[in-house]
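> sequence first, predicted model second:
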Amino acid sequence: MRISQLLKSTEYGSKVTVKGWVRTKRGNKNVAFIALNDGSCVANIQIVADLAKISDEQLKPVTTGACIRVDGTLVESLGKGQGVEVQADTIEIYGTADPDTYPLQKKGHSLEFLRDIAYLRPRTNTFGAILRIRHAMAFAIHKYFNDNGFYYLHTPLITASDCEGAGAMFQVTTLDMNNLPKTEDGKVDYSQDFFGKSCSLTVSGQLEGELGALSLGRIYTFGPTFRAENSNTPRHLAEFWMIEPEMAFYELEDNMELAEDFLKYLIRYALENCREDLEFMDKMWDNGLIERLKSVIACDFVRLDYTEGIRILKESGRKFEFPCDWGCDLQSEHERYLVEEHFKRPVILINYPKEIKAFYMKLNDDGKTVRAMDVLFPKIGEIIGGSEREADYGKLSARVKELNIPEKDIWWYLDTRRWGSAPHSGFGLGFERLLLFVTGMGNIRDVIPFPRTPKNAEF
Ligand code: ATP
Ligand code: MG
């Protein structure tokens, strides 16, 4: 039985077996108390070892970090805050952990230190909680879409097009870097490369996702995404996971409704299914976390025109580090001002200037703005980016020409507008941005098991 189940059991007197990792051991000449954790929940189960039954010699290797098996009897606990404990008959050691070398000795290591030993940090209470919440959110995402008639579409991770436009790309090649084949004009000869052309890791599954929407009606992707952006911020990873729903017959309004409903569903799911882990995170890292989660599901998100947002920012009298004139891309400080100070709830900002948004977004009648939408959240800033897509062949190909996007990369995408085009919309939710919000963590490196960031690809 897992410890999470045992802790709820009331079958006092029954024989049980528990296996897990020792968190602490304390005691006296007569009795030892071992706090054991198996990763199934944040709480430990207490093992009581009577030294009349279990010798000092046997208990010696039972140190912090060691892995053990205990056979014993489940009894009602007299200690406060714990319902049951296990009175040990025998203890078997699976693996010792030398106290002189095992790094996770004391409680309260800094997050920076734990990042350096990311291969061990899942053994801490904090990362156990975060990884369980991460799992629950991934599960809830699939459940939400499955229950709402969306199909999970697997879009490729390796792509030959560099027009996705969402960020700088990592190259994929099997060419020998020390001996590159060259063409006559001295450029790298990619025809000799694995795919016969230059390829990269995807920055978004959207373009392929649109093909799915224009055939299956509603699809979503959920997979790894790669951006070689050299931005060392607490909100950017080089490898992150993104959820991208794409829907035929959805206009911007429908897209906003879906985004709001989806986010609220996920937060509600966390509150209902990850209560203990959230309470732990609230207590240890982010007082007010649970209240914030509840407040977001209780309110209606503000829907605001970009132009109106800029007016509010300019009239705020606030001195920002970056300018915020009409035409500028908003920085996180602007987004957080709107959300945290002005409206005090999430904001969906729409109708951005076309120059700062991707080529595929639907042009508004004003000819200047596009039907983009960014969902802005407290503490995070942008959590979702999306839009209604340009469905008109003429307008889309004109935009492609204007931006000099190579025909060879985009012809197949343009073809979707030649045959059976339809109004459609979609968005991208950064999975780790969602997790920042739900766990209350401040740095995106702490909500993914093995973060990839500039100059760091450890473990
Ligand atoms: P930002 O302005 O924050 O860099 P973006 O405009 O580049 O984001 P999009 O291309 O719209 O983002 O991607 C959709 C979503 O993916 C974002 O709303 C965000 O949640 C997430 N995202 C984007 N880049 C990253 C990254 N480097 N690391 C983690 N999540 C990211
Ligand atoms: Mg970006």
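That came through, no problem. Ligands and ions are numbered 1, 2, ... in the order given.

> low-confidence stretches in the stretch 301-450 of the chain?
By pLDDT under 70, the stretch 301-450 of the chain has no low-scoring segment.

> strands of that one, start to end?
302-305, 347-353, 369-377, 381-388, 424-430 (DSSP state E, counting those that start in this stretch).

> just give me the neighbour total for the nearest residue to residue 309 once chain neighbours are set aside.
Distance criterion CB to CB, 6 or more residues apart in numbering; nearest residue to residue 309, sequence neighbours excluded, is residue 349 at 5.4 Å. Where C-beta positions appear, they are placed from N, C-alpha and C, glycine not excepted. By the criterion of other CB atoms under 10 Å, residue 349 has 24 neighbours.

> residues in the stretch 351-459 of the chain within reach of ligand 1, list them.
Residues of the stretch 351-459 of the chain lying close to ligand 1 by CB under 6 Å from any ligand atom are 382, 383, 384, 385, 428, 429, 430, 432, 433.

> please disregard the earlier target; I meant the chain.
166-167, 227, 229, 236-237, 240, 242, 382-385, 428-430, 432-433.

> at 8 Å what do you get?
166-167, 203-204, 225, 227, 229, 231, 235-238, 240, 242, 244, 329, 332, 358, 374-375, 381-386, 427-434, 444 (CB under 8 Å from any ligand atom).

> pull out the buried residues from these.
166, 203-204, 225, 227, 229, 235-238, 240, 242, 244, 358, 374-375, 381-386, 427-434, 444 (16 or more other CB atoms under 10 Å).

> in a markdown table: the residues of the stretch 351-459 of the chain next to ligand 1, plus distance to residue 34.
Putting those into a markdown table (distance: CB to CB, whole Å) gives the following:
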| residue | distance to residue 34 |
| --- | --- |
| 382 | 46 |
| 383 | 42 |
| 384 | 45 |
| 385 | 49 |
| 428 | 46 |
| 429 | 42 |
| 430 | 40 |
| 432 | 35 |
| 433 | 39 |
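
> one step back: in the sheet, who's paired with the residue nearest to residue 309?
Judged by DSSP bridges, the bridge partners of residue 349 are residue 304, residue 374.

> residues touching it, list them.
Going by CB atoms under 8 Å, 6 or more residues apart in numbering, residue 349 touches 304, 305, 306, 309, 330, 335, 338, 373, 374, 376.

> buried among those residues? Need that as a selection in PyMOL.
Per 16+ other CB under 10 Å, the buried members of those correspond to this PyMOL selection:
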select buried, resi 304+306+309+330+335+338+373+374+376
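
> ligand 1: which of the contacts of residue 349 is nearest?
For those, the minimum distance to ligand 1 (CB to the nearest ligand atom) is 6.9 Å, reached by residue 374.

> phi, psi of residue 221?
Main-chain dihedrals, residue 221, degrees, to the nearest 10: phi -110, psi 160.

> quick check: it touching residue 157?
No: applying CB atoms under 8 Å, one finds residue 221 not in contact with residue 157, separated by 10.6 Å.

> between these two, which has more neighbouring residues?
A side-by-side neighbour count of residue 221 and residue 157, using other CB under 10 Å, places residue 221 first with 23 against 14.

> residue contacts, the more buried one?
152, 153, 154, 155, 205, 208, 209, 242, 243, 244, 246.

> got it, and residue 117?
Residue 117 makes contact with 103, 104 under the criterion CB under 8 Å, 6+ apart.

> try residue 127
Contacts of residue 127 by CB under 8 Å, 6+ apart are 114, 121, 446.

> how many neighbours does residue 83 have?
Count around residue 83 with other CB under 10 Å applied: 16.

> strands along the stretch 151-300 of the chain, start to end?
Ranges of strands in the stretch 151-300 of the chain, per DSSP E, counting those that start in this stretch, are 151-152, 158-159, 171-172, 199-201, 218-226, 239-248.

> out of the ones you listed, which gets nearest to residue 96?
Minimum separation from residue 96 across the strands of the stretch 151-300 of the chain (CB to CB) falls at strand 239-248, 34.5 Å.

> okay, the angle between that closest one and strand 381-388?
30 degrees (axes from the mean of the first three to the mean of the last three CA atoms, to 10 degrees).

> tell me the strands beside strand 239-248, with direction?
Note on strand 239-248: by DSSP bridges, its sheet partners are strand 218-226 (antiparallel), strand 424-430 (antiparallel).

> distance-wise, check residue 196 relative to residue 287.
Taking CB to CB, to the nearest Å as the measure, residue 196 falls 56 Å from residue 287.

> just the helices in the stretch 1-150 of the chain please.
Counting by DSSP state H, counting those that start in this stretch, residue ranges of the helices within the stretch 1-150 of the chain are 3-6, 56-59, 111-116, 125-147.

> which strands and helices sit next to the third one?
I take that to be helix 111-116. Under the contact definition 3 or more CB pairs under 8 Å, 6 or more residues apart in numbering; DSSP states H and E, helix 111-116 sits against no other helix or strand.

> any idea how far it is from the chain center?
Relative to its chain's centre, helix 111-116 lies at 19 Å (CA atoms, centre = their mean, to the nearest Å).

> buried stuff in that helix?
Buried residues in helix 111-116, counted by 16+ other CB under 10 Å: 114, 115.

> please apply the same query to the last one.
Within helix 125-147, the residues that qualify as buried by neighbour count (16+ other CB under 10 Å) are 125-134, 136-137, 140-141, 144-145.

> and for the second one?
The neighbour-count check on helix 56-59 (16+ other CB under 10 Å) flags 58, 59 as buried.

> picking up where we left off before, may I ask which two of the residues of the stretch 351-459 of the chain next to ligand 1 are separated the most?
Spanning the widest gap among these are 385 and 432, at 14.2 Å by CB to CB.

> tell me how far the residue of the chain most remote from its centre lies from residue 92.
For the chain, the largest distance from the centre (CA atoms, centre = their mean) belongs to residue 52, which lies 49.6 Å off. Going from residue 52 to residue 92 by CB to CB gives 19 Å.

> quick one on the thing from earlier: closest one to residue 21 among the strands of the stretch 301-450 of the chain?
Closest to residue 21 of the strands of the stretch 301-450 of the chain, according to CB to CB: strand 424-430, at 31.9 Å.

> distance from that closest one to the middle of the chain?
15 Å.

> same thing with stretch 5-17?
Going by CA atoms, centre = their mean, where stretch 5-17 is centred and where its chain is centred differ by 35 Å.

> hmm, who's touching that stretch?
So stretch 5-17 is contacted by 1, 18, 40-41, 43, 45, 69-76, 82-84, 86 (CB under 8 Å, 6+ apart).

> inside strands: which ones of those residues?
Per DSSP state E, strands hold the following members of the contacts of stretch 5-17: 18, 45, 69, 70, 71, 72, 73, 74, 75, 76, 84, 86.

> can you name the two of the residues you listed that sit furthest apart?
69 and 76 (22.6 Å).

> who's more crowded, those two?
The neighbour comparison of residue 69 against residue 76 (other CB under 10 Å) goes to residue 69, with 14 against 11.

> got the contact list for that one?
Applying CB under 8 Å, 6+ apart to residue 69 gives the contacts 17, 18, 19, 91, 92, 94.

> model confidence at the closest residue to residue 26 other than its chain neighbours, what's the number?
Distances taken as CB to CB, 6+ apart place residue 33 nearest to residue 26, at 5.4 Å, with adjacent residues excluded. pLDDT for residue 33: 96.
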